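In: Kindly return the folded structure for what I paste below:
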Amino acid sequence: MPQDMESATRLILELRKVVSESLPKIVFYEEFIENRDWFKSTRIADELGISPRQLHQFLAEEGICKYEKRQWVVFPSCRAWQCDVPYTWENSRGKVYTFGSTKRWTQAGRECIIELWRKRNPEYCPPGA
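Out: All right, here's what the predicted structure looks like:
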């Protein structure tokens, strides 16, 4: 706690600097993580600093998914970690058509994967993570 006006002013300036330096991280987090309903494996792999192939191999080793018929399939015990995202197409008049869907990771799935990765691979964890 500042004892006088001068030290209080210095503290305020320091805190403003910290906030302004943190702003890009906050904006990134809100746009790419907080405000999203689903995530591609590629995005999660990027967050972990590994390739999507490494991520899928790790998930297979952990019993979360397997490679079957040229695609990665999540086992039933972890299906709640995924959601269906529809493929859509919009014509020139603005009408949107939906055809088929694909699986993506939910917020909870992303968090579980990242937590599991960091638990099993502490050497990959950046400081403060």
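In: in stretch 41-54, what's buried?
Out: Along stretch 41-54, these residues count as buried under the neighbour rule (16 or more other C-beta atoms under 10 Å): S41, R43, I44, A45, E47, L48, I50. For every residue, glycine as well, the C-beta is placed using N, CA and C.
In: quick one: which helix or strand includes the fifth one?
Out: E47 is located in helix 41-48, with elements delineated by DSSP states H and E.
In: Could you point out the helix or strand that follows the helix or strand containing V19?
Out: Here V19 sits within helix 5-29, counting by DSSP H and E. Reading on from helix 5-29 to the C-terminus, the next helix or strand found by DSSP H and E is strand 38-39.
In: helices and strands of this structure: which one has the lowest mean pLDDT?
Out: helix 5-29 (a mean of 84; mean pLDDT, DSSP states H and E).
In: buried set for that helix?
Out: Along helix 5-29, not one residue counts as buried under the neighbour rule (16+ other C-beta under 10 Å).
In: do stretch 81-98 as well
Out: Applying a neighbour-count criterion of 16+ other C-beta under 10 Å, one finds W81, Q82, C83 buried in stretch 81-98.
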